[in-house]
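Chemist: dropping a prediction and its sequence here:
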Amino acid sequence: MRFATYSFEGAEFYGAVSDEGMIALNGNFPQWPTLLDAVQADGLAALAKAADGKAVTHTEFQYEMVLPNARRILCVGVNFPDRNAEYKDGSEQPKYMSLFPRFASGFTGHNRPLIRPPESPQLDYEGEVAIVIGKGGRRIAQADAYDHIAALTLCNEGTIRDWVRHAKFNVTQGKNWDRSGAIGPWLVPFTDASQLDNARIITRVNGEVRQDDVLSRMMHPIRREIEYISTFMTLEPGDIIVTGTPTGSGARLDPPQFLKPGDVVEIDVNGIGTLSNTIEDEVL
């Protein structure tokens with residue numbers, strides 16, 4: 001079962017995704033106005049039960065960022081061995097992970113355009129798996145980490161490359177341009193460790209494979225990410241952790257290849273699905 005946030009004729013809904021369309025569920029659960037509310041209430045199983053056997057309510061719709069009111073989104077940077085080598089700075093595998101925040105306003109939904117701003121032509125792609133916390137906690141042990149995941153989704157962690165170099169110790173300003181990235185298309189409930197342990201990320205730009213790697217090669221595995229992050233902050237239901245991108249982003253190609261209007265970027269992960277976005281210039 002998959003769950004998405006979507007819109008139709010100016011109204012926003014959430015519901016179950018079927019091959020024929022969407023099954024709206026928000027009307028069944030007035031106590032959960034948004035999909036985030038359902039996640040925070042550990043309600044995905046109830047949504048699945050409500051959708052079972054129910055007819056499609058929308059065949060025409062637009063996907064929205066899957067949790068558009070997410071309160072906290074943390075991203076893990078430089079988390080694959082080859083990705084660290086791309087920086088060509090002679091550094092060894094880092095002992096601690098790099099982290100930075102992103103905000104929901106920086107993301108759009110599946111089949112929607114990523115927006116390239118007039119201030120920079122250096123819009124880049126980063127294909128990643130994102131986890132959604134279902135059970136909060138502090139100082140979570142790695143052995144228990146997967147018990148705290150409610151669902152999985154995909155992220156194109158779109159980045160304005162020259163803006164991440166505006167300061168010495170932070171990348172926030174290059175990572176939060178409005179609608180520069182995407183999260184979706186949907187949430188897939190997390191029920192088995194193999195959904196992450198056997199996952200493979202493939203990123204294509206205009207059909208060309210640019211990134212291709214497996215999560216098992218991460219320098220800081222997802223269990224460790226949850227342990228480390230929950231050491232300094234209490235994780236809460238609905239928090240999103242964007243777990244890291246493989247080598248092959250456009251900035252690291254020779255010559256660099258940044259995204260331009262008309263390009264199509266696809267992030268594909270087995271067992272989760274495909275997140276697809278086009279590119280458009282911002283209309284001022």
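Modeler: Received it, and whenever you're ready, just let me know what you need.

Chemist: per-residue confidence at the closest residue to Thr159 other than its chain neighbours?
Modeler: Setting aside the residues directly before and after it, Thr159 is nearest to Asp124 in space (CB to CB, 6 or more residues apart in numbering), at 4.8 Å. All C-beta atoms are positioned from the backbone trio N, CA, C, and that covers glycine. On the pLDDT scale, Asp124 is placed at 98.

Chemist: stretch 81-95 spans what distance, first to last residue?
Modeler: With CA to CA, to the nearest Å as the measure, stretch 81-95 spans 12 Å from end to end.

Chemist: likewise for stretch 46-60?
Modeler: End-to-end for stretch 46-60, by CA to CA: 25 Å.

Chemist: average model confidence for that stretch?
Modeler: On average, stretch 46-60 scores 97.

Chemist: which residues are in contact with that stretch?
Modeler: Residues from elsewhere that reach stretch 46-60 (CB atoms under 8 Å, 6 or more residues apart in numbering): 1, 3, 6, 8, 13, 15-16, 18, 20-25, 28-29, 38, 189.

Chemist: one more time with 6 Å, if that's ok
Modeler: 1, 3, 8, 16, 18, 20-25, 28, 38 (CB atoms under 6 Å, 6 or more residues apart in numbering).

Chemist: run through who's touching the lengthiest helix in the chain.
Modeler: Identified as the longest helix of the chain according to DSSP state H is helix 222-232. Residues outside helix 222-232 that contact it (CB under 6 Å, 6+ apart): Val76, Gly137, Arg138, Arg139, Ile140, Gln142, Ala145, Leu196, Ile241, Thr243.

Chemist: can you pull the pLDDT of the residue positioned nearest the centre of the chain?
Modeler: By CA atoms, centre = their mean, the chain has its centre lying nearest to Cys155, at 2.7 Å. Cys155 carries a pLDDT value of 98.

Chemist: helix or strand next in line after the lowest-mean-pLDDT helix or strand in the chain, which one?
Modeler: Lowest on mean pLDDT, DSSP states H and E among the helices and strands of the chain sits helix 81-86, with a mean of 64. Going down the chain from helix 81-86, the next helix or strand is strand 98-102, by DSSP states H and E.

Chemist: can you give me the angle that next one makes with helix 222-232?
Modeler: Angle, strand 98-102 to helix 222-232, by axes from the mean of the first three to the mean of the last three CA atoms, to 10 degrees: 70 degrees.
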